[in-house]
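Asker: Dropping the sequence and predicted coords here.
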Amino acid sequence: MNQRIRMGMVGGGPGSFIGEVHRMAARLDGQIELVCGSFSSDPEKSKITGRELYLSPDRVYDTFEEMIEEEKKLPEDVRMHCVSIVTPNHLHFAPAKLALENGFHVICDKPLTRTLEEAKELEKLVEETGLIFALTHTYTGYPMVKQARDMVKNGDIGEVRKIYVEYPQGWLTEKVEDTDSKQASWRVDPSKSGIAGAMGDIGTHAANLAEYITGQKIKELCAELDAVVEGRVLDDDGGVLLRYDQGATGTLIASQVAAGEENSLSIRVYGTKAGLEWHQMEPNTLLVKWLDKSMEVYRTGVGDLYESATAHTRVPAGHPEGYLEAFANLYRNFARTIQARLKGETPDPQYLDFPTVQDGVRGMQFLYKVVESGKSDQKWIPFDD
């Protein structure tokens, strides 16, 4: 029997940006229903959010521990199926661990955890429980990213040689964490953000996107990290030279002090036959630059695209799709996979297309190796010890 997936949420209370993004993405396809939550470490703020979301007061909890404990007691056809974790980095691990230990699937914001050790512990728990774990590396949800991935996979651009990915933002150009900016304050605090700043916040997105499109894994890296704004402890700017396991080389740049930039994630992948170019701020367009003929422009919803691009396109050509739709693609795939599990069926392979706990562990490994390289005189560091 088809049914909506019932979701609980940890975080996403007053002042949260990403919490509402997750809720909009979860709602978009009608496959997920938010039924409960612990939205803030302040019980009163959690109750305020619960009222705004029209939740039953008895399913708005003071703590995530209470939520998981009480939901588990409810009848199987009432209690939540999964937990969405939308807190700052240092508050990912504990609710994810407890949810898995109590039989609930998890979808979590990135990076996976604050430390590599925590990430590996969650990976082990997912393996032991067999539960479904999704990580919201949003940019893998765009149709043209999937088109690029399948063009690489099918050899359309030849053997990949070069991979350039960059993610500049400008919102931390000034020391906004000294104001009342909640979004900035935790990101520059090592006790909350972890060992990296900009690299953890946006560099992990760039690294994940490069591996997702090309199918190549980072083998070695050489990094430089800087705290450009005086008084910052964590990096707000950095660059990485990369060597991949199938022979490609490339660079990754992540900066939050690029004045005037909004959210300018872009990637270029060059093979022996052609190059691919995609920009997140123009997400419906993929440029294909051929070695021996004129450039082609691929557009979402137009022409003979690969099935994965078509399956993740929501509206007719010319109607802009963007960040929320890409986010929703991850939530839809996550929900469909849980639904297949509930019915004892094998999910459609298209619905298995979402980042997993293993991607989260690679993201944390990337951060640790970038920081290690940045501090080392040797510089080139193997990705896997």
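Answerer: Noted; the coordinates are in hand. Source: prediction; values computed, not measured.

Asker: Which parts of the protein are helices?
Answerer: With helices called from DSSP state H, the chain shows them at 18-27, 43-52, 64-73, 93-101, 116-129, 143-153, 182-187, 190-193, 198, 204-214, 307-311, 323-342, 357-375.

Asker: pull the CA atoms of the fourth one into CSV?
Answerer: As requested, C-alpha coordinates have been extracted for helix 93-101 and formatted as CSV (Å, rounded to 0.1, in the frame of the first residue of the first chain):
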residue,chain,number,x,y,z
PHE,A,93,26.0,13.2,15.3
ALA,A,94,24.0,12.6,18.5
PRO,A,95,20.5,12.7,17.0
ALA,A,96,21.6,10.7,14.0
LYS,A,97,23.1,8.0,16.1
LEU,A,98,20.1,7.8,18.4
ALA,A,99,17.7,7.7,15.5
LEU,A,100,19.6,4.8,13.9
GLU,A,101,19.9,2.9,17.1
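
Asker: mind listing what's buried in that helix?
Answerer: Across helix 93-101, burial judged by 16 or more other CB atoms under 10 Å covers Phe93, Ala94, Pro95, Ala96, Lys97, Leu98, Ala99, Leu100. (Glycine included, C-beta is placed from N, CA and C.)

Asker: how about TSV for these, with distance to Ser255 and pLDDT added?
Answerer: Shown next, in TSV, are the buried residues of helix 93-101 (distance: CB to CB, whole Å; pLDDT from 0 to 100):
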residue	distance to Ser255	pLDDT
Phe93	27	97
Ala94	31	98
Pro95	31	98
Ala96	29	98
Lys97	33	98
Leu98	36	98
Ala99	34	98
Leu100	35	98
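
Asker: follow-up on the earlier one: point out the most buried one among the helices of the chain.
Answerer: Ranked by mean neighbour count, these are led by helix 198 with a mean of 29 (mean count of other CB atoms under 10 Å).

Asker: average model confidence for stretch 7-24?
Answerer: Throughout stretch 7-24, pLDDT has a mean value of 95.

Asker: just to revisit the earlier point, tell me which of the helices of the chain lies nearest to Leu242.
Answerer: When the helices of the chain are compared by CB to CB, helix 204-214 sits nearest Leu242, at 7.7 Å.

Asker: Who does Ile107 form a beta bridge with?
Answerer: Ser84, Ala134 (DSSP bridges).

Asker: quick one: it and Ala134 touch, right?
Answerer: Yes - the pair Ile107 and Ala134 passes the contact test of CB atoms under 8 Å, sitting 4.3 Å apart.

Asker: and for the two, which residues touch both?
Answerer: Shared contacts of Ile107 and Ala134, defined by CB atoms under 8 Å, 6 or more residues apart in numbering, are found at Leu330, Phe334.
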